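> sequence first, then the predicted structure:
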Amino acid sequence: MSGRLLVLAIDAANADLVAGWAAAGMLPNLAELMETGISARIRGLEGFFVGSTWPSLYTGLSPARHGHHSLVQLRPGSYEYHRCADERLLHGTPFWSRMSAAGRRVAVLDVPLSELTEELNGVQTVEWGSHDALFGFRARPRRLEKMIRQRFGSHPLGPTCDGPDRDLDAYRSLVERLERGARVKGRLTEQVLADTDWDFAIQVFTEGHCAGHQCWHLHDAHHPAHDAAVAAGLGDPLLRVYQAIDSAVGRLLRAYADTPVIVLSAHGMSYWYGAQFLLPEILVRLGYAKPRPETPQPPEGALRSMARAAWRALPEPLRRDVRAGLERLRPEGLPTLPVDAPESLCFPVNNGLAVGGIRLNLKGREPNGQVAPGAEADALCHRLITDLREIKDERTGGSIIRAVRRVGDLYQGEHLDSLPDLLVEWSDAAPTGSTTIAGGAAADVRLSSPKLGVLEGSNSYGRTGEHRPDGFFVARVPGGERGELTQPVSILDLAPTFCAMLDTPPGEVDGTPIEALIRLSRRSRAGGLAPGPADLDLPFRPAS
């Protein structure tokens with residue numbers, strides 16, 4: 001056995017769907033892998049399983065230590081956002097840099113929210129097809145970038161998968177481009193790995209991420225925005241895209257049949273939920289934030305209505321070209337805080353839509369701090385948490401907010417002040433629709449509490465799928481044991497595990513290596529017999 005490891009990731013795949021479709025024979029390559037390897041669920045980061053998932057995976061550090069939680073974050077000492085990609089706000093060392101420094105040859109392909117690494121012993125591509133495109137497609141060495149551009153072109157999806165008001169033809173075009181993207185990415189990966197000397201390689205298939213966000217309501221017949229006619233003409237879009245990824249993964253599994261392989265999904269996907277769009281108004285109504293001064297808005301007007309109608313009449317390929325052109329011309333604007341932050345006790349900050357972020361306007365930290373650290377801040381948090389938890393979702397009769405947690409109670413690290421102070425975890429007891437999809441089905445939310453009164457609003461964000469914190473992995477070590485770890489592993493455990501499987505020091509990380517995989521890998525490389533469950537000395541359920 002050579003000291004190699006191949007990691008193939010399916011970004012934001014639903015673990016239950018993958019397991020069910022594999023068991024039913026609809027994902028045959030993943031099914032075979034599950035039947036011959038070790039599997040486990042992955043536990044995501046509490047409160048930060050969207051923006052911090054990939055940075056935490058590849059550094060092995062919590063958000064409080066690498067400092068990244070959103071694509072845009074507050075500039076320290078200000079009430080203004082800045083773009084993380086522009087200012088290199090991520091701290092910590094990717095595991096592939098540690099492997100490279102130890103003399104291992106690496107091939108790092110399309111890991112989300114990562115940029116080109118200086119002085120890498122190997123090859124790297126960034127964003128050949130990525131859900132969150134921060135840097136644009138790049139590769140190193142330059143001859144690799146030239147080869148990919150000439151032989152494979154751009155990813156078929158285009159610059160973004162977001163797009164409201166889709167009809168059957170538009171959804172068909174989206175799904176076909178995602179399927180084609182997965183197939184081409186598989187061939188691209190085969191080519192790069194065949195042309196490269198490597199000890200460690202990773203490729204991330206992001207096509208399932210887009211399919212989940214855009215097409216969940218077509219997959220889920222119980223979703224309020226489900227369109228049976230479109231679904232009948234399209235088939236299950238998630239299954240189609242997952243099958244395209246399964247096929248690409250299968251080719252790589254066969255090409256490297258004697259190589260240890262880990263297939264994983266770092267976080268999951270299900271229906272869109274919550275009321276993050278109402279959080280600014282909630283804080284204002286409860287008396288914790290001041291509203292921004294109003295600015296006059298232009299009326300709808302006849303010209304604007306005509307423009308909307310003309311846009312809807314354009315065929316989808318032309319719409320896609322127009323969107324791409326606008327994306328290139330769009331000024332690099334940044335969002336602004338939705339309340340008058342300097343005059344508020346606290347204010348919402350970007351942290352994703354599944355879990356909202358709130359930052360205290362602390363004296364000594366914020367320019368116009370209103371709240372003293374210590375007892376005053378503690379009392380404010382206690383009142384705020386109580387008030388938020390009392391808010392009822394009148395669709396369900398239960399709380400709209402599952403939990404509100406202080407970040408300092410969850411994480412500690414040198415970059416804790418880069419994060420929100422409070423995390424608002426929205427309840428997923430009921431799906432929330434969008435005004436831009438299926439005539440606005442389930443887009444309206446009505447909230448109430450004794451202190452809030454009644455607050456109504458409509459979600460206009462054009463997605464029906466949203467992230468969940470749970471993922472999975474399945475590992476094949478030739479000659480190894482088959483079965484399932486009975487306890488989930490942390491996403492922070494993956495980087496030190498990859499390093500340990502290649503006898504590379506992981507550096508200072510927050511995770512710990514997954515001992516079952518380490519022992520199997522070492523025994524396999526040594527040519528010894530694979531250990532049984534008793535030898536593993538871990539919570540382990542062998543395959544029947």
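All right, it came through fine. Residues are numbered from 1 along each chain as shown.
> now the strands for the stretch 301-450 of the chain?
346-349, 355-360, 392-393, 401-406, 422-426, 444-449 (DSSP state E, counting those that start in this stretch).
> likewise for the stretch 51-200 of the chain?
Going by DSSP E, counting those that start in this stretch, the stretch 51-200 of the chain shows strands at 72-74, 81-83, 106-109, 122-126, 138-140, 200-205.
> closest to residue 387 out of these?
Judged by Cβ to Cβ, the one of those that comes nearest to residue 387 is strand 72-74, at 23.4 Å. (C-beta placed from N, C-alpha, C; glycine too.)
> format the strands of the stretch 301-450 of the chain as CSV; extra columns: distance to residue 186 and mean pLDDT.
Compiled in CSV, those are given as follows (distance: least, Cβ to Cβ, whole Å; pLDDT from 0 to 100):
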stretch, distance to residue 186, mean pLDDT
strand 346-349, 38, 98
strand 355-360, 33, 98
strand 392-393, 42, 98
strand 401-406, 38, 98
strand 422-426, 36, 98
strand 444-449, 41, 98
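> least reliable of the strands of the stretch 51-200 of the chain by average pLDDT, please.
Lowest mean pLDDT within the strands of the stretch 51-200 of the chain: strand 81-83, a mean of 90.
> parallel or antiparallel, list what pairs with that strand.
strand 72-74 (antiparallel) (DSSP bridges).
> ok, residues contacting the partner strand?
80-84, 89, 334-335, 349-350, 359, 418 (Cβ atoms under 8 Å, 6 or more residues apart in numbering).
> quick check: which of the strands of the stretch 51-200 of the chain is nearest to residue 166?
Distance to residue 166, taken as Cβ to Cβ, is lowest for strand 200-205 among the strands of the stretch 51-200 of the chain, at 22.4 Å.
> the closest one pairs with which strands, and in what direction?
strand 5-10 (parallel), strand 106-109 (parallel).
> as a markdown table, those with distance to residue 36 would be great.
As requested, the strands paired with strand 200-205 are arranged in a markdown table below (distance: least, Cβ to Cβ, whole Å):
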| stretch | distance to residue 36 |
| --- | --- |
| strand 5-10 | 15 |
| strand 106-109 | 24 |
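> with mean neighbour count and distance to residue 93 added, can I get those strands in TSV?
Shown next, in TSV, are the strands paired with strand 200-205 (neighbours: other Cβ atoms under 10 Å; distance: least, Cβ to Cβ, whole Å):
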stretch	mean neighbour count	distance to residue 93
strand 5-10	24	17
strand 106-109	25	13
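> for these, which one sits closest to residue 468?
Between residue 468 and the strands paired with strand 200-205, the shortest gap by Cβ to Cβ is with strand 5-10, which sits at 14.2 Å.
> now what about that closest one, what contacts it?
Here strand 5-10 makes contact (Cβ under 8 Å, 6+ apart) with 18, 111, 193, 199-205, 208, 242, 245, 249, 252, 256, 259-266, 498, 501-502, 521.
> thinking again about what came up before, which of the contacts of strand 72-74 are buried?
Buried subset of the contacts of strand 72-74 (neighbour count, 16 or more other Cβ atoms under 10 Å): 81, 84, 89, 349-350, 359, 418.
> centre of the chain to stretch 365-377, how far?
32 Å (Cα atoms, centre = their mean, to the nearest Å).
> for stretch 190-203, same thing?
Counting by Cα atoms, centre = their mean, stretch 190-203 comes out at 24 Å from the chain centroid.
> contacts for it?
2-9, 96, 99, 104-111, 122-123, 125, 144, 147-148, 151, 185, 189, 251-252, 255-256, 498, 502.
> ok, now which ones touch the spatially closest residue to residue 120 that is not a sequence neighbour?
Closest residue in space to residue 120, ignoring its immediate chain neighbours: residue 100 at 5.2 Å, by Cβ to Cβ, 6 or more residues apart in numbering. Each residue near residue 100 by Cβ under 8 Å, 6+ apart is listed here: 106, 117, 119-122.
> kindly recompute the last result at 6 Å.
Residue 100 makes contact with 106, 120-121, according to Cβ atoms under 6 Å, 6 or more residues apart in numbering.
> now swap in residue 465 and tell me
When contacts are counted by Cβ under 6 Å, 6+ apart, residue 465 touches 212-213, 216, 269.
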